[in-house]
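Peer 1: got a structure for you, letters missing:
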């Protein structure tokens, strides 16, 4: 049963062991960080492909942020949009919003690269059109840049409550991710960033290669390899809602995981090998999770074979197999029923885990098939209700 316990151990280490070891190390050897209230010139660069339904709300939110107007440039990159996205951006021109647009659709990073030529801020904050910022988000993103060793700062992705079990489970996941990022930051540098609220020093920006899928992860590792720190600022909050359905969420995650497999394939040139502690963080935090579906399948197969061959051997084989079937059965039930209240939230935990790993499996198959398209794969997201600066917002964070 070595295979079974190896697979189970890998799953437990990835989900629980790494965060526990990370927290211990962060407590034993924290790295100090200088933070200060200052207001460097900022460019808020909003990537928007066919976002006519939410761009106006995003721009209103951006203009209302608590940051000196004379120190803030708002720039929309809307290449390839075929709806009213560019027209909406144009309506805000009188209020200082700028637009970078070409009719050709070449992908998100191509649009960002062209827009970067127009950026004037010392700090560039990358954002999407379907998320809204807390009023003080830019000030919180700017604080760690008082430390010259900091190259990038990532804010917190928050899922607004009210979308049922799917939204609750997604919010739980991001609270879990937030804990890991806090510990990584305390230890020295964070290895995971949120591309919808990511700030970098403009003079350090280096465009990822055209074929890179997870551009935010690539940018973060590029800075770490140069010796800069990537910091997680949980008080810089970005709000969005979960995808309308579990299927939409799987589609979104499949592309992200495909990018993880791409990063694993590029590990030789991507990882900061002179920083073994950071390499351990990246492998444990980012590279291990896409491999969990293989461990799940391995555990199930090993358990089934042990049961078939059992003749007074491994006595726990029947119970272990029953627990696995129960887990997958609950996941199936969560995908096909709508149970309200706490039972629904508990039920959706196995559903969320199975769906996430189903997306990882699909991402692996697409990576093996060589499907690495970089064009925006737009998945519908529910619209975020307007945020009034300083107002209370119910959220899963």
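Peer 2: That came through fine. None of the values given here were measured: they were computed from a predicted structure.
Peer 1: rest of the way, CA atoms for contacts and neighbours
Peer 2: Will do.
Peer 1: ok, residue 351 - how many residues close by?
Peer 2: Per other C-alpha atoms under 10 Å, the neighbour tally for residue 351 reads 26.
Peer 1: What confidence value was assigned to the closest residue to it other than its chain neighbours?
Peer 2: Nearest residue to residue 351, sequence neighbours excluded (C-alpha to C-alpha, 6 or more residues apart in numbering): residue 331, at 3.8 Å. Looking at residue 331, its pLDDT stands at 84.
Peer 1: Count residues in the vicinity of residue 331, would you?
Peer 2: A total of 20 residues lie near residue 331 under the criterion other C-alpha under 10 Å.
Peer 1: Would you indicate which residues of the one helix or strand it maps to are buried?
Peer 2: Secondary structure from DSSP states H and E places residue 331 in helix 317-336. Applying a neighbour-count criterion of 16 or more other C-alpha atoms under 10 Å, the buried positions in helix 317-336 are 317, 320, 321, 327, 328, 330, 331, 332, 333, 334, 335.
Peer 1: do stretch 60-80 as well
Peer 2: Across stretch 60-80, burial judged by 16+ other C-alpha under 10 Å covers 61-65, 67, 72-80.
Peer 1: now the buried residues of helix 317-336 in a markdown table, with distance to residue 144?
Peer 2: Rendered in a markdown table, the data for the buried residues of helix 317-336 read as follows (distance: C-alpha to C-alpha, whole Å):
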| residue | distance to residue 144 |
| --- | --- |
| 317 | 52 |
| 320 | 48 |
| 321 | 49 |
| 327 | 42 |
| 328 | 43 |
| 330 | 43 |
| 331 | 41 |
| 332 | 44 |
| 333 | 45 |
| 334 | 41 |
| 335 | 41 |
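Peer 1: about what we covered before: can I assume the residue nearest to residue 351 is in contact with residue 350?
Peer 2: Yes. Residue 331 is within contact range of residue 350, at 5.1 Å (criterion: C-alpha atoms under 8 Å).
Peer 1: residue ranges for the helices of the protein, please.
Peer 2: 2-12, 18-28, 55-63, 85-91, 108-116, 137-142, 164-187, 215-225, 246-265, 267-270, 276-282, 292-309, 317-336, 341-368 (DSSP state H).
Peer 1: circling back to that earlier point, does the helix holding residue 331 pack against any helices or strands, and if so which?
Peer 2: Other elements packing on helix 317-336 under the criterion 3 or more C-alpha pairs under 8 Å, 6 or more residues apart in numbering; DSSP states H and E are helix 292-309, helix 341-368.
Peer 1: For the nearest residue to residue 203 once chain neighbours are set aside, what are phi and psi?
Peer 2: Distance criterion C-alpha to C-alpha, 6+ apart; nearest residue to residue 203, sequence neighbours excluded, is residue 122 at 7.4 Å. Torsion angles at residue 122 (phi, psi; degrees, to the nearest 10) stand at phi -70, psi -30.
Peer 1: how about low-confidence regions in the chain?
Peer 2: 161-171, 242-249, 310-314, 339-346, 371-397 (pLDDT under 70).
Peer 1: how near is residue 29 to residue 275?
Peer 2: 15 Å (C-alpha to C-alpha, to the nearest Å).
Peer 1: I misspoke; the intended subject was residue 144.
Peer 2: Distance, residue 144 to residue 275, by C-alpha to C-alpha: 22 Å.
Peer 1: Equivalent analysis for residue 232, please.
Peer 2: The gap separating residue 232 from residue 275 is 19 Å, by C-alpha to C-alpha.
Peer 1: quick one, which of these two is more surrounded?
Peer 2: Counted by other C-alpha under 10 Å, residue 232 and residue 275 do not tie: residue 232 has more neighbours, with 29 against 12.
Peer 1: Report the contact partners of the more buried one.
Peer 2: 153, 154, 155, 156, 181, 182, 185, 190, 193 (C-alpha atoms under 8 Å, 6 or more residues apart in numbering).
Peer 1: Residue 32 - how many residues pack around it?
Peer 2: The number of residues packed near residue 32 is 11, by other C-alpha under 10 Å.
Peer 1: returning to what we had before: between the buried residues of stretch 60-80, which is closest to residue 132?
Peer 2: residue 61 (6.4 Å; C-alpha to C-alpha).
Peer 1: does the closest one really touch residue 133, like I thought?
Peer 2: Yes. With contact defined as C-alpha under 8 Å, residue 61 counts as touching residue 133 (7.0 Å).
Peer 1: Pull the contacting residues for residue 86.
Peer 2: Neighbours of residue 86 in contact, by C-alpha under 8 Å, 6+ apart: 78, 99, 101.
Peer 1: ok, the second one - contacts?
Peer 2: Which is residue 99. Going by C-alpha under 8 Å, 6+ apart, residue 99 touches 75, 76, 77, 78, 86, 89, 90.
Peer 1: Give me the distance between the residue nearest to residue 351 and residue 354.
Peer 2: For residue 331 relative to residue 354 (C-alpha to C-alpha), the value is 6 Å.
Peer 1: repeat for residue 276
Peer 2: Taking C-alpha to C-alpha, one finds residue 276 at 31 Å from residue 354.
Peer 1: which of the two has more neighbours?
Peer 2: In this view residue 276 and residue 354 are compared by other C-alpha under 10 Å, and residue 354 has more residues nearby, 19 against 11.
Peer 1: Please name the residues that touch the nearest residue to residue 273 once chain neighbours are set aside.
Peer 2: Spatial nearest neighbour of residue 273, chain neighbours left out: residue 279 (6.5 Å); criterion: C-alpha to C-alpha, 6+ apart. Residues in contact with residue 279 (C-alpha under 8 Å, 6+ apart) are 271, 272, 273.
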